[in-house]
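**Q** sharing a model that was predicted from the sequence below.
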Amino acid sequence: MLFSAIAYLLPFTRYPYRGETVPCNLCGSTGTELICGYDRRFKRLRTVACTGCGLMRTDPMPTPAEVAGYYRNVYRWDYQFVTGTPSRRHLSRSRKEAALRLDELAPALRPGSRILDFGCGAGVFLGIASREGFPVRGIEPGNDYAAYARKTFGVDVIGDLWENIELPASSFDVITTVEVLEHLREPVAALGWLASLLADDGVIYVTVPDISPTDREAFRLFHFAHLHHFTPETLLRAGAVCGLEPDPRFTPRKTAITFRKTRTKADPAGFQKSDGVGLRARYPNQSVARYLLSGAWLFGRFRQLRKTLRDTFSRN
């Protein structure tokens, strides 16, 4: 494990995987445009945009076996610097986010509303919702975190990959998936599966990182654990092909959207309008060397350390 972790951390080298060429998970196009050749660890990682719909992905895409091996052996340490049970920092942040999420979903919640949290992690949101009297269920493929959720909060958590799970259609009134879809090889297929589990008058609360262009260096937006990258436009399109639309009771916040079911699904072919062509020009800051020489990364590391200490020792 130590050797694997070092291989994922060593800068200016490729990640230890071979991968494979795949079409766009949203529109099926095979055309791509390179967006960036590095990630925020200063490691060599190709991120491309679909020249049809603009959805971004890692290229080559890790194979299912490579993804499974990464999440089984490296992910928690590599991405969150923890092993085994969740850290105090993680739990502190999760409690704050979970309380806000439940409050935000209040317009869709009724007594007895059935809640599914897809990618529930340590189960903090499920624990809070359960205490409020809602029947809850979680899906978490990480065995350690799934076990922690069951033991700590007494909630039902399925510890498996979504592709292996069978659940009755229309069996949940509220589904949440927070910062999960970007980690998946087939996020649009996963969202479609969740839509099939949703009651006709239910809602799906989705959040993913917003990868829209900013004044930050482009490579700072990317990481090996994130296999796909969404903008508000591509997230809305993903919802549309799954038969989902924004619920008017909720105000979308960029890539945090509460969806409801529609009667029809959008045709993915209709999105192939060359929206990804020329996207690289909107992400101009590509030089890792210039960023390192500027010293700007030191301020970023200091802010991250301060945030880590605050979250770790917070009493909330």
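**A** In hand now; what should we look at? Only a predicted model underlies this, so the values are computations on that prediction, with no experimental measurement involved.

**Q** measure stretch 36-47 end to end?
**A** 5 Å (Cα to Cα, to the nearest Å).

**Q** give me the spatial nearest neighbour of residue 186, chain neighbours excluded.
**A** residue 25 (5.4 Å; Cβ to Cβ, 6 or more residues apart in numbering). From N, CA and C alone the C-beta is placed, and that goes for glycine too.

**Q** residues near that neighbour, how many?
**A** For residue 25, the neighbour count with other Cβ atoms under 10 Å is 23.

**Q** before we move on, what about residue 88?
**A** 12.

**Q** give me the pLDDT value at it.
**A** pLDDT for residue 88: 80.

**Q** dihedrals phi and psi, residue 275?
**A** Listed backbone geometry of residue 275 is phi -70, psi -20, with angles given as degrees, to the nearest 10.

**Q** any idea how far residue 176 is from the closest residue to residue 10 other than its chain neighbours?
**A** Residue nearest to residue 10 in three dimensions, not counting chain neighbours: residue 43, with 7.4 Å by Cβ to Cβ, 6+ apart. Residue 43 is 31 Å from residue 176, where distance means Cβ to Cβ, to the nearest Å.

**Q** the two: which has the busier surroundings?
**A** Using other Cβ under 10 Å as the criterion, residue 43 and residue 176 rank with residue 176 on top: 28 against 21.

**Q** A strand includes the more buried one, no?
**A** Yes - counting by DSSP: H, G, I helix; E, B strand; the rest coil, residue 176 falls inside a strand.

**Q** is the nearest residue to it once chain neighbours are set aside bridged to anything, and to what?
**A** Excluding the flanking residues, the one nearest residue 176 by Cβ to Cβ, 6+ apart is residue 205, at 4.4 Å. With DSSP bridges applied, residue 205 shows beta-bridge pairing to residue 176, residue 258.

**Q** hmm, residue 175 and residue 205 touching each other?
**A** Yes - with contact defined as Cβ atoms under 8 Å, residue 205 reaches residue 175; the gap is 7.2 Å.

**Q** neighbour-wise, which of these two wins?
**A** More neighbours surround residue 175 than the other of residue 205 and residue 175, with 25 against 20 (other Cβ under 10 Å).
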